[in-house]
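Colleague: My questions concern the predicted model and sequence given below.
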Amino acid sequence: MTTRFAVVMTFAALLAGATPALAAPVALVGCVPALKDVRTGSGAKTFASHYVTAGTYGYGEFVAGLFGGQSLWQKRGGRWCRIETTTTVLDRKGLLSAGIPGPTADTLLARMRAGRELAPPGPRH
């Protein structure tokens, strides 16, 4: 299953009334050497990401076309490993549910608010 398909299906489930929930900390999947801000494409073909870090934890936002979401990361063995990806906005409770310590969650949220926010692209004028 592609990431785009997963995002679309999740969005469709949310529209149908499904209620998202973060489970207890999950096994780490998808590791990368660095978290990089990216912006490429335009309109429906936009992909953009923005990350902030605090200690060994990272919080990212992404936009893929008209859909977007958030991701949580943990640094292990010199690599950033994804611990959660969701299309719902993560608040302090969501970060804590994913196993991120309270003070670190507060720092991540403050840094994300202080930085740029990503939003799905609107119609071109």
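Modeller: Perfect, thanks for sending it. On a predicted model such as this, the values are computed, not experimentally measured, just so you know.
Colleague: wait, what's in contact with Thr40?
Modeller: The contact partners of Thr40, taken as Cβ atoms under 8 Å, 6 or more residues apart in numbering, are Thr46, Phe47, Ala48. The C-beta positions use only the backbone N, C-alpha and C, and glycine is treated the same way.
Colleague: Over to Gly69?
Modeller: Residues near Gly69 by Cβ under 8 Å, 6+ apart: Val7, Glu61, Phe62, Thr85, Thr86, Thr87, Thr88.
Colleague: any idea how far the second one is from Gly55?
Modeller: Translated: Glu61. Distance, Glu61 to Gly55, using Cβ to Cβ, to the nearest Å: 19 Å.
Colleague: higher neighbour count, the two?
Modeller: Between Glu61 and Gly55, Glu61 has the larger neighbour count (other Cβ atoms under 10 Å), namely 22 against 13.
Colleague: who wins for most neighbours among the contacts of Gly69?
Modeller: Most neighbours among those, by other Cβ under 10 Å: Glu61, with 22 neighbours.
Colleague: got the CA positions of the helix or strand hosting Cys31 in PDB?
Modeller: Following DSSP states H and E, the helix or strand that holds Cys31 is strand 29-32. Extracted C-alpha coordinates of strand 29-32, given in PDB (Å, rounded to 0.1, in the frame of the first residue of the first chain):
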ATOM      1  CA  VAL A  29       9.100   1.700  11.400                       C
ATOM      2  CA  GLY A  30      10.700   3.600   8.600                       C
ATOM      3  CA  CYS A  31      14.100   5.000   9.700                       C
ATOM      4  CA  VAL A  32      16.100   7.800   7.900                       C
END
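Colleague: right, and the helix or strand after the helix or strand hosting Gly94?
Modeller: Using DSSP H and E, Gly94 maps to helix 92-97. Next along the chain after helix 92-97, taking DSSP H and E as the criterion, comes helix 102-114.
Colleague: which parts of that following helix are buried?
Modeller: Within helix 102-114, the residues scored as buried using 16 or more other Cβ atoms under 10 Å are Thr104, Ala105, Thr107, Leu108, Leu109, Met112.
Colleague: and what of stretch 54-61?
Modeller: The neighbour-count check on stretch 54-61 (16+ other Cβ under 10 Å) flags Ala54, Tyr57, Gly58, Tyr59, Gly60, Glu61 as buried.
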